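S.K.: sequence first, predicted model second:
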Amino acid sequence: MKTSIGKYDPETGTVPVKFTHGGVVHRRAVNACRNADGAYDAAATKMRVAEVASGVQHKIEMGVLS
């Protein structure tokens, strides 16, 4: 699974993500993480995207996403 994380959107609190696996490309917004001060936390968001990627990969392998 390859992921590409786009620029954080403070209005929606999300980042656009491009997931690529087995020739299938899936794009969706993922909720971003914030630190204790409420600021965007890029490192935590990257970990969240990795968790979402696991589910996306499973759905691609099952044929739910194509």
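M.R.: Done, it's in.
S.K.: count of residues packed around the residue lying closest to residue 35 once chain neighbours are set aside?
M.R.: Sequence neighbours aside, residue 41 is the residue nearest to residue 35 in space, at 4.5 Å (criterion: C-beta to C-beta, 6 or more residues apart in numbering). C-beta coordinates here come from the backbone N, C-alpha and C atoms, glycine included. When neighbours are counted by other C-beta atoms under 10 Å, residue 41 registers 17.
S.K.: contact partners for the residue nearest to the spatial centre of the chain?
M.R.: Closest residue to the average C-alpha location of the chain: residue 49 at 3.7 Å, with C-alpha atoms, centre = their mean. Applying C-beta atoms under 8 Å, 6 or more residues apart in numbering, we find residue 49 in contact with 3, 5, 15, 17, 30.
S.K.: how far away is the residue nearest to residue 35 from residue 30?
M.R.: Separation of residue 41 from residue 30 (C-beta to C-beta, to the nearest Å): 13 Å.
S.K.: pretty sure residue 19 is touching residue 2, no?
M.R.: Yes. Taking contacts as C-beta atoms under 8 Å, residue 19 lies within contact range of residue 2: 7.5 Å.
S.K.: more neighbours: the two, which one.
M.R.: Just comparing residue 19 and residue 2: by other C-beta under 10 Å the higher neighbour count belongs to residue 19, 23 against 9.
S.K.: hey, what's that one bridged with?
M.R.: residue 3, residue 26 (DSSP bridges).
S.K.: any idea how far it is from residue 27?
M.R.: 7 Å.
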